[in-house]
Every structure is written in structure tokens, then in C-alpha cells.
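1. heads up, no residue letters with this:
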């Protein structure tokens with residue numbers, strides 16, 4: 001099972017809330033999730049923290065009907081590990097929540113390259 005985990009948190013030091021800042025009237029994270037909806041994976045999940053500052057990310061995921069995993073704010077690696085464990089991932093595609101221009105075709109090419117060994 002190939003799991004795409006998109007890491008997103010509200011508490012950025014340089015630009016707090018950047019993942020939900022509007023671009024063309026929609027949250028940046030929403031635009032990115034729409035693009036990622038085209039990649040060839042078994043499951044896409046947003047991984048954020050249990051900190052209350054990340055509640056807006058949870059609400060956005062709920063509104064978009066996207067799975068949202070909440071884990072450690074400080075330990076990002078553990079957050080990824082726990083999300084992968086919960087969703088029974090065999091392979092993981094690691095994504096960051098501040099890249100709204102990500103190219104789904106390139107991600108699919110990388111997955112195909114990886115699967116071919």
C-alpha cells in the first residue's frame with residue numbers, strides 16, 4: 001500500500017498559518033490537496049500535530065473529506081511513522097504542505113521509478 005503523507009502545520013516561525021493563507025480565494029493547502037488528488041497512490045493523508053494551533057488544518061481536511069492524522073508537534077519523524085503505522089503503509093511518499101505548485105505527474109514518475117527498483 002502506497003501512502004502519501006502531506007505534512008502541514010500552522011505554527012511556522014517565518015509565516016504562521018502559511019498553509020491556510022488564501023491563494024485566489026482558497027487556502028493554499030486546499031489547492032495543493034486538489035493537485036495531489038491526481039497522484040497514483042492508495043491513500044493520501046495530511047499529518048499535522050495535536051496542538052490546538054493546528055485545529056484549522058483538521059477542519060479544512062474534514063470539510064474536504066481528506067484523512068487527517070494528528071501526532072507530535074515537535075517530533076515530525078514520529079508523526080510520519082505513526083501515520084504510516086495507522087494506515088498500514090508499505091511505501092510512503094513524503095510531501096510538505098507549503099508547495100501548492102507541486103506537479104502530480106512528476107510525483108507519479110518518481111513513484112514508478114521507485115517501484116521499478
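-> Thanks, I have the structure now. The structure displayed is predicted, hence computed values, not measured ones.

2. wait, what's in contact with the nearest residue to residue 90 once chain neighbours are set aside?
-> Residue nearest to residue 90 in three dimensions, not counting chain neighbours: residue 1, with 5.0 Å by C-beta to C-beta, 6 or more residues apart in numbering. Any C-beta I mention is one placed from the backbone N, CA and C, and that applies to glycine too. Shown in contact with residue 1 (C-beta atoms under 8 Å, 6 or more residues apart in numbering): 42, 43, 87, 88, 89, 90, 91.

3. so where do the strands sit in the protein?
-> Using DSSP state E, the strands of the chain run over 2-7, 22-23, 26-27, 43-49, 67-71, 91-96.

4. Now tabulate those in a markdown table and tack on mean neighbour count.
-> A markdown table is the format used below for those (neighbours: other C-beta atoms under 10 Å):
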| stretch | mean neighbour count |
| --- | --- |
| strand 2-7 | 22 |
| strand 22-23 | 12 |
| strand 26-27 | 16 |
| strand 43-49 | 23 |
| strand 67-71 | 19 |
| strand 91-96 | 16 |
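
5. if we can go back for a sec, just among the contacts of residue 1, which is most surrounded?
-> residue 89 (21 neighbours; other C-beta atoms under 10 Å).

6. quick one: it and residue 4 touch, right?
-> No - here residue 89 lies out of contact with residue 4, judged by C-beta atoms under 8 Å, at a distance of 9.3 Å.

7. list the residues that contact both of the two?
-> residue 43.

8. All set, thanks.
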